[in-house]
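Asks: Below is the structure, and that's it, no one-letter string:
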């Protein structure tokens, strides 16, 4: 499929904000939660900004953004409509949590609602792609798992960075932050490697014969069948060479997983805050490449007919 950069940034930024708010919610479920000044002046405004930026970015791929509100009308059958409903609700709950923190109050139900809304938004976003059954790379439960684990890993790395910036390494344990971050990123890498292995073993359920209706044993395409491109040839293929895709996969593996893990190991062994910051920056760049590959790896059946000449 053709990766749309507005969706890449939306899913990456929103997923990171969701992971951040999940862990903030978990930490504030007990009596000894995070300080209100940290939440009100730093963590919650940043998470809210990420959600709003992601929401704005998601509208750039729309032909008529002014009609985006109509998406809610199909909420009974469309996961996109459900996402469009859940996201503003999630932003509203985040605003309510911010107001509560500004007032110096604590409400367990708000934090519980944030956690539930975060997972609900992950499910809605992932199901938009998982429900497309003819794209085998997406039509699998691993799509939801990948969205959630990457959101949790990136959200934890952002929270670790914010805690260390606000409180300093003298107050916050670099060891504990790095260990949890290492576990989450390692789990995300194992899942991603398994997904890549599964995708490599997938075989199209159709063939060039069934796509064209020709019954000859040796059918091959020598022409696109038109003088120029079309919507199909532009939107259902990523337009990159196999070399570019292979290199992007290497970049994703290194920047999204391996290098952040190495940085966290160094943070644990050296107890130095800089390695946590470096791990966060590198992982975020790797997540952009990972989300590009998520779309590029999806092979639309129509490419059997066009043979990727587009």
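Replies: Thanks, I have it. Being a predicted model, the structure only gives us computed values, none of them experimental.
Asks: So which residues of the chain form helices?
Replies: In the chain, the segments counted as helices under DSSP state H are 5-27, 36-38, 44-58, 79-102, 108-130, 142-167, 174-201, 208-212, 231-235, 242-253, 259-270, 273-296, 303-306.
Asks: quick one: which of the ones you listed is nearest residue 219?
Replies: Distance to residue 219, taken as C-beta to C-beta, is lowest for helix 208-212 among the helices of the chain, at 5.1 Å. Quick note: C-beta positions are derived from backbone N, CA and C, even for glycine.
Asks: Let me have the helices of the chain in CSV, extended by distance to residue 71 and mean neighbour count.
Replies: Below are the helices of the chain laid out as CSV (distance: least, C-beta to C-beta, whole Å; neighbours: other C-beta atoms under 10 Å):
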stretch, distance to residue 71, mean neighbour count
helix 5-27, 14, 23
helix 36-38, 36, 15
helix 44-58, 11, 19
helix 79-102, 4, 19
helix 108-130, 11, 20
helix 142-167, 19, 22
helix 174-201, 28, 17
helix 208-212, 31, 15
helix 231-235, 19, 14
helix 242-253, 30, 14
helix 259-270, 35, 19
helix 273-296, 20, 21
helix 303-306, 27, 18
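Asks: want to throw those into CSV with mean pLDDT and distance to residue 72?
Replies: Converted to CSV, the helices of the chain look like this (pLDDT from 0 to 100; distance: least, C-beta to C-beta, whole Å):
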stretch, mean pLDDT, distance to residue 72
helix 5-27, 92, 17
helix 36-38, 93, 34
helix 44-58, 90, 14
helix 79-102, 93, 5
helix 108-130, 94, 12
helix 142-167, 96, 22
helix 174-201, 94, 31
helix 208-212, 70, 36
helix 231-235, 66, 24
helix 242-253, 87, 34
helix 259-270, 96, 37
helix 273-296, 93, 24
helix 303-306, 67, 32
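Asks: Generate CSV for those, with distance to residue 70 as supplementary columns.
Replies: As requested, those are arranged in CSV below (distance: least, C-beta to C-beta, whole Å):
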stretch, distance to residue 70
helix 5-27, 18
helix 36-38, 39
helix 44-58, 15
helix 79-102, 9
helix 108-130, 16
helix 142-167, 25
helix 174-201, 33
helix 208-212, 33
helix 231-235, 21
helix 242-253, 35
helix 259-270, 40
helix 273-296, 24
helix 303-306, 30
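Asks: I'd like to know which of these is closest to residue 220.
Replies: Between residue 220 and the helices of the chain, the tightest spacing by C-beta to C-beta is seen for helix 208-212, at 7.4 Å.
Asks: hmm, what's the outermost residue in the protein?
Replies: No residue in the chain sits farther from the centre than residue 216, which is 43.2 Å out by C-alpha atoms, centre = their mean.
Asks: Report the contact partners of it.
Replies: Taking C-beta atoms under 8 Å, 6 or more residues apart in numbering, we find residue 216 in contact with residue 209.
Asks: cool, residue 127 as well?
Replies: Taking C-beta under 8 Å, 6+ apart, one finds 79, 82, 144 in contact with residue 127.
Asks: what do you get if the cut-off is 7 Å, keeping everything else the same?
Replies: Contacts for residue 127 (C-beta atoms under 7 Å, 6 or more residues apart in numbering) come out as residue 79.
Asks: gap between it and residue 82?
Replies: 8 Å (C-beta to C-beta, to the nearest Å).
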